[in-house]
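Asks: Need a 3D model of the following:
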Amino acid sequence: MTSNDIAKLCFKLLAVYFVIQLFYQAENIVNYLLYNNEMQEYVKANYIAAILPSILFSLFGLLLWFIAPHLANSVFKPKPAGKKRRVPVENFHSVAFSVAGLFLFIMSLSGIVEYIVYDIKLADSTGRHSLSHLIIIAIIKMVLGVWLILGSKGIVNGIRSLRRT
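Replies: This next block holds a predicted model:
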């Protein structure tokens, strides 16, 4: 198994986890679809805010499943088929940081959507935008996730230099 194969496997496992998240909200989705006409507007907004992150997780999971090979190639450049070598531990660290960054990015993105829906409904009823600080925190988490995805090699090199000292 090469480093690239391990990265693909990790990204596909994360994709399966995101698709499974939809099943946690199955009850809310069925209730919303069955009783949508009878609900008041604020109840509809609460259901949408509860359901939307799970639907986004599933969509990102499906997308991630198909782009996992491309992401793995961006973490580790594919090497020509030759003799099998042992996979260095640093490559596992790179994959772990990239997967953690992707997880943080997708969780933050769904959180932003959820906070925006709640904030719009709250602004309609009270006239205040009291959730804007949560949106800013989610954006900071999203930036951290992108940094973990794109900068995983730099982080691993830093850890390697700390081990040597």
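Asks: tell me what the top helix by length along the chain is packed against?
Replies: As assigned by DSSP state H, the longest helix anywhere in the chain is helix 89-126. Helix 89-126 sits against helix 3-24, helix 41-75, helix 132-150, helix 152-164, with contacts defined as 3 or more C-beta pairs under 8 Å, 6 or more residues apart in numbering; DSSP states H and E. All C-beta atoms are positioned from the backbone trio N, CA, C, and that covers glycine.
Asks: What is the burial count for the closest residue to residue 121 other than its chain neighbours?
Replies: Closest residue in space to residue 121, ignoring its immediate chain neighbours: residue 45 at 4.4 Å, by C-beta to C-beta, 6 or more residues apart in numbering. Counted with other C-beta atoms under 10 Å, the neighbours of residue 45 add up to 18.
Asks: gap between residue 45 and residue 118?
Replies: 8 Å (C-beta to C-beta, to the nearest Å).
Asks: Identify the residue nearest the geometric centre of this protein.
Replies: Closest residue to the average C-alpha location of the chain: residue 106 at 2.3 Å, with C-alpha atoms, centre = their mean.
Asks: what's near enough to touch the residue nearest to that residue when sequence neighbours are not counted?
Replies: What sits nearest to residue 106 in space, not counting adjacent residues and going by C-beta to C-beta, 6+ apart, is residue 60, at 4.9 Å. Counting by C-beta atoms under 8 Å, 6 or more residues apart in numbering, residue 60 makes contact with 18, 106, 109, 110.
Asks: Tell me the one among the residues you listed nearest to residue 34.
Replies: residue 110 (24.1 Å; C-beta to C-beta).
Asks: what sits against the closest residue to the closest one other than its chain neighbours?
Replies: Residue nearest to residue 110 in three dimensions, not counting chain neighbours: residue 53, with 4.0 Å by C-beta to C-beta, 6+ apart. If you count contacts by C-beta under 8 Å, 6+ apart, residue 53 has them with 21, 110, 111, 113, 114.
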